[in-house]
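Asker: just the structure for this:
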Amino acid sequence: MEKRPKILLIDDDPDFVEVTKKILEKGPGYQVVVAVNGKEGLEKAKKERPDLILLDILMPVTDGFGFAEQFSKEKSLSNIPVLALTSFSTSLGEPFGFEVAEFIRKPVGPRDLIERIDKHLKRAAQKAEASPASVGAKKPKAQAKSKTKTTKKTRKPAK
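Answerer: Numbers count the residues shown, from 1 in each chain. Model (predicted):
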């Protein structure tokens, strides 16, 4: 049985949450976990380890900016793409404590939302596959070579 991607939806609008959750669970069959504010969202991100986060900006308790500030400090969550959902201008991206994968302007159509989620899930999966293999494979090879060759290679670009 194939693992269904887990989406953490952080939004305080019960109507938006209900509709979006149904769309994501029935269409592509994602697992959807819901949080109603940034504080709860951070707790669930740590506990659930979602594959992607859909983040509203304006919420009570802890808003999207507060979530972003705390989320950026959690190195164990750094590989999770965050899609910011907002009815405001995308210029709001400037105060974020980290780079979000994409800003999506509300309202967003179901097909468009699913396409964007799929795109970012695929990118994250490719990064996860490529990152450990390339990093893990290159380091032992560099260590196996003589130190003089490695040193020369690292010094030349620095000059």
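Asker: any idea which helix or strand in this protein has the lowest mean pLDDT?
Answerer: helix 147-158 (a mean of 42; mean pLDDT, DSSP states H and E).
Asker: for H120, the count of nearby residues, please.
Answerer: By other CB atoms under 10 Å, the residues close to H120 number 19. Every C-beta, even on glycine, is put in place using the N, C-alpha and C of the backbone.
Asker: quick one: mean pLDDT for the helix or strand harbouring it?
Answerer: In the assignment (DSSP states H and E), H120 maps to helix 110-144. Looking at helix 110-144 alone, the average pLDDT works out to 74.
Asker: tally of neighbours for E25?
Answerer: Number of residues near E25 (other CB under 10 Å) recorded here: 14.
Asker: got the contact list for the closest residue to it other than its chain neighbours?
Answerer: Once flanking residues are discounted, E25 sits nearest to V32: 5.5 Å by CB to CB, 6 or more residues apart in numbering. Neighbouring residues of V32 by CB atoms under 8 Å, 6 or more residues apart in numbering: K6, I7, L9, T20, K21, L24, E25.
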